[in-house]
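**Student:** Okay, predicted coordinates and the sequence, questions at the end:
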Amino acid sequence: MWNEPEPVIFELSSPGRTAFTLPEADVPLAPLPEGSVRSDLKLPEVSELQFVRHYTHLSQKNFSIDTVFYPLGSCTMKYNPKVNEKAAAIEGLSQVHPLQPEASAQGSLELMYKLQEALKEIAGFSAVSLQPAAGAHGEFAGILVMRAYHENRGDTKRTKVLIPDSAHGTNPATSAMSGFTVVQIPSDKRGNVDLEALSAACDDTVVGLMLTNPNTLGLFEENVLEVCQTVHACGGLMYGDGANLNALLGIARPGDLGFDVMHFNLHKTFTTPHGGGGPGSGPIGVNEKLAPFLPGPIVVKDAAGYHLSAPEKSIGRLKAFFGNYGMFIRAYTYIRMMGPDGLRAVSENAVLNANYLKARVSPHYALAVDRTCMHEFVVHGDIPGTDVRALDVSKRLIDYGHHPPTNYFPLIVHDALMIEPTETESKQAMDAFADSLAAVKEEALSNSELLHSAPHTTPVTRLDEVKAVRSPVLCYKG
Ligand SMILES: *Cc1c(COP(=O)(O)O)cnc(C)c1O
């Protein structure tokens, strides 16, 4: 349903208006080949000012971390410092060409090398490849590395990937795409991997286990050492989904805990833009025994300088050129600006903020698991005694000026609202959000229709989300 209709750019159109001026041609004009010219495109004819207003208004309709609180759990929507953009705009870095000779791109290679080194140190791994373009792409790279490791040992009967039921959907998708069968492992009452079920599933056909720690309930996996031991004991490998690394910086290193391979989400933990703001970046780190299989090229250093080099038994290239290089500059800037103590403070404050907000929200919404949380927590978003569901609460929060939390994930929690404030939010912002959640609950009890029809303040009110996916309306029809 549309709120008050705004003039659409097509309705402002008037013949002969243009928003551009082309310079005089300084070459002889040549006619375009017949049939190659499209005419009657029905494009709007508007002035430059009308054009600028149109796109500026459109941009203001976006929710973004620069404008509102954005507690989208598991996505770590923290503030992206503007200094990152300044660094990425430095001409020598932004104008480098991927086909440039190595000798003339030593600065860029050095930056990539030092980022590899920093990520190794932060997460406790022996080698890093910066190639993958996002977390899910890193998972794919990591599972292919695990497959290559087993095949290289002549161990070809391993076909099963174990995945806890709280996992992100990309984990089973990655495993299936890599040609493996997914075996789901249940969580126990405290939200940990059920050790009995894990032991029962472990045998010599297991490729490995994909584990998110802290998991998607926002809980540290209390038996992580035993989980790693159990999987290793049957010859499997431990894949770490590093999406939640924002809780561990400077405190615990996945490589030390027993993970063999892990992806980083630079766009979550390391403040590169996220959610419409730019491409992702999902480097993977591995321990010694998996290093020869990393996707290449990676950057190596010798007496002569920095070079691109493919690891000995590399699974090959996964991405054109060398990864999303612009994101490496931003993430490296962030890591160097924070320093080791600063990174530890990031995680300490992310955990502190989440526990503060949990304390403010839990009197009004039931916790999925009542434990000290890490950087995020999950509540049930339905309101008992009413027909209000988590989705209604989320939609109503938009009217209060907040981005909704993650809805209906993890799948094992009914009406899940997954809330992650991150370390960059102030007490005021969190208090305002908690107050809004409390107010929405009061509304649910007194006037639930207000929630069912929310949001009310947006250009488009409640959509039929299934229909929007199945039959989207993508064209303006006047
Ligand atoms: C975000 C996320 C992923 C996928 O990462 P992308 O960068 O979005 O591809 C995987 N697992 C978890 C737990 C996540 O939160």
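**Tutor:** Nice, thanks for sending it over.

**Student:** per-residue pLDDT, the residue in the chain positioned nearest to the ligand?
**Tutor:** Per Cβ to the nearest ligand atom, residue 135 is where the chain lies closest to the ligand, at 2.3 Å. (C-beta placed from N, C-alpha, C; glycine too.) We have a pLDDT of 96 for residue 135.

**Student:** and the longest helix for this protein?
**Tutor:** When the chain is parsed with DSSP state H, its longest helix is helix 325-361.

**Student:** What lies in contact with the helix or strand that that helix is followed by?
**Tutor:** Per DSSP states H and E, helix 325-361 leads on to strand 377-380 as the next helix or strand towards the C-terminus. Residues from elsewhere that reach strand 377-380 (Cβ atoms under 8 Å, 6 or more residues apart in numbering): 73, 216-218, 354-355, 357-358, 361-362, 365-369, 390, 410, 413-419.

**Student:** right, is strand 377-380 up against the ligand?
**Tutor:** No. Using Cβ under 6 Å from any ligand atom, we find that strand 377-380 stays clear of the ligand, coming within 12.6 Å at best.

**Student:** how about the CA coordinates for that strand, as CSV?
**Tutor:** Presented in CSV, the C-alpha positions along strand 377-380 are these (Å, rounded to 0.1, in the frame of the first residue of the first chain):
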residue,chain,number,x,y,z
PHE,A,377,21.3,-11.8,22.0
VAL,A,378,18.1,-13.3,20.8
VAL,A,379,14.6,-12.8,22.2
HIS,A,380,11.1,-14.1,21.3
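
**Student:** Only the buried residues of that strand, if you could.
**Tutor:** By 16 or more other Cβ atoms under 10 Å, the buried positions in strand 377-380 come out as 377-380.

**Student:** follow-up on the earlier one: list the residues that contact the residue of the chain closest to the ligand.
**Tutor:** Contact analysis of residue 135 by Cβ under 8 Å, 6+ apart lists 170, 241-243, 263, 265, 268, 280, 282.

**Student:** Show me which positions of the longest helix of the chain end up buried.
**Tutor:** By 16+ other Cβ under 10 Å, the buried positions in helix 325-361 come out as 325-335, 338, 343, 345-347, 349-351, 353-358, 360-361.

**Student:** Can you name the residues in contact with stretch 42-60?
**Tutor:** For stretch 42-60, the external contacting residues (Cβ under 8 Å, 6+ apart) are 6, 9-10, 12-20.

**Student:** quick one: low-confidence ranges for the stretch 151-300 of the chain?
**Tutor:** Scanning the stretch 151-300 of the chain for pLDDT under 70 picks out 276-277.

**Student:** where are the low-confidence patches of the stretch 351-478 of the chain?
**Tutor:** Counting by pLDDT under 70, the stretch 351-478 of the chain shows low-confidence ranges at 478.

**Student:** All the helices of it, in order from the start?
**Tutor:** Taking DSSP state H, counting those that start in this stretch as the criterion, the stretch 351-478 of the chain carries its helices at 390-399, 427-446, 449-452, 465-470.

**Student:** Pick the most buried one from those helices.
**Tutor:** When the helices of the stretch 351-478 of the chain are scored by mean count of other Cβ atoms under 10 Å, the highest mean neighbour count falls to helix 390-399 (a mean of 23).

**Student:** elements contacting that one?
**Tutor:** Here helix 390-399 touches strand 406-407, strand 416-419, helix 427-446, helix 449-452, going by 3 or more Cβ pairs under 8 Å, 6 or more residues apart in numbering; DSSP states H and E.

**Student:** hang on, the earlier thing: mind checking which of the contacts of strand 377-380 are buried?
**Tutor:** Buried among the contacts of strand 377-380 by 16+ other Cβ under 10 Å: 73, 216-218, 354-355, 357-358, 361, 365, 367-369, 390, 410, 413, 415-419.

**Student:** For residue 109, which non-adjacent residue is closest in space?
**Tutor:** Spatial nearest neighbour of residue 109, excluding adjacent residues (Cβ to Cβ, 6 or more residues apart in numbering): residue 306 at 3.6 Å.

**Student:** Pull up the residues of the stretch 51-200 of the chain that are close to the ligand.
**Tutor:** The stretch 51-200 of the chain has residues 74-75, 134-136, 168, 170 near the ligand, with proximity defined as Cβ under 6 Å from any ligand atom.

**Student:** got it, and the stretch 201-350 of the chain?
**Tutor:** So the stretch 201-350 of the chain meets the ligand at 212, 216, 241, 243, 265, 280, 282 (Cβ under 6 Å from any ligand atom).

**Student:** Tabulate these (JSON lines), appending secondary structure.
**Tutor:** Formatted as JSON lines, these follow (DSSP: H, G, I helix; E, B strand; the rest coil):
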{"residue": "212", "secondary structure": "strand"}
{"residue": "216", "secondary structure": "coil"}
{"residue": "241", "secondary structure": "strand"}
{"residue": "243", "secondary structure": "helix"}
{"residue": "265", "secondary structure": "coil"}
{"residue": "280", "secondary structure": "coil"}
{"residue": "282", "secondary structure": "coil"}
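
**Student:** I figured residue 410 hits residue 376, correct?
**Tutor:** No. Judged on Cβ atoms under 8 Å, residue 410 makes no contact with residue 376 at a distance of 10.9 Å.

**Student:** Give me the common contacts of these two.
**Tutor:** residue 418.

**Student:** Is residue 160 in contact with residue 181, as I believe?
**Tutor:** Yes. The criterion here is Cβ under 8 Å, and residue 160 meets it with residue 181 at 5.2 Å.

**Student:** Name the residue in these two with the higher neighbour count.
**Tutor:** residue 160 (20 against 11; other Cβ atoms under 10 Å).

**Student:** Could you list everything the more buried one pairs with in the sheet?
**Tutor:** residue 181, residue 206 (DSSP bridges).

**Student:** which residues does it contact?
**Tutor:** Residue 160 sits next to 180-183, 201, 205-207 when contact means Cβ under 8 Å, 6+ apart.

**Student:** List buried residues within these.
**Tutor:** 180, 182-183, 201, 205-207.

**Student:** would JSON lines of the residues you listed with distance to residue 108 be doable?
**Tutor:** Shown next, in JSON lines, are the buried ones among the contacts of residue 160 (distance: Cβ to Cβ, whole Å):
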{"residue": "180", "distance to residue 108": "36"}
{"residue": "182", "distance to residue 108": "39"}
{"residue": "183", "distance to residue 108": "43"}
{"residue": "201", "distance to residue 108": "45"}
{"residue": "205", "distance to residue 108": "44"}
{"residue": "206", "distance to residue 108": "40"}
{"residue": "207", "distance to residue 108": "36"}
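
**Student:** Which one of the helices and strands packed on helix 390-399 lies nearest to residue 229?
**Tutor:** Closest approach to residue 229 among those (Cβ to Cβ): strand 416-419, 29.2 Å.

**Student:** hey, where'd the helices end up in the stretch 151-300 of the chain?
**Tutor:** Taking DSSP H, counting those that start in this stretch, the helices of the stretch 151-300 of the chain run over residues 170-177, 195-201, 224-233, 254-257, 266-269.

**Student:** Pull out the buried residues from the fourth one.
**Tutor:** By that I understand helix 254-257. Neighbour count says helix 254-257 has 254-255, 257 buried, by 16+ other Cβ under 10 Å.
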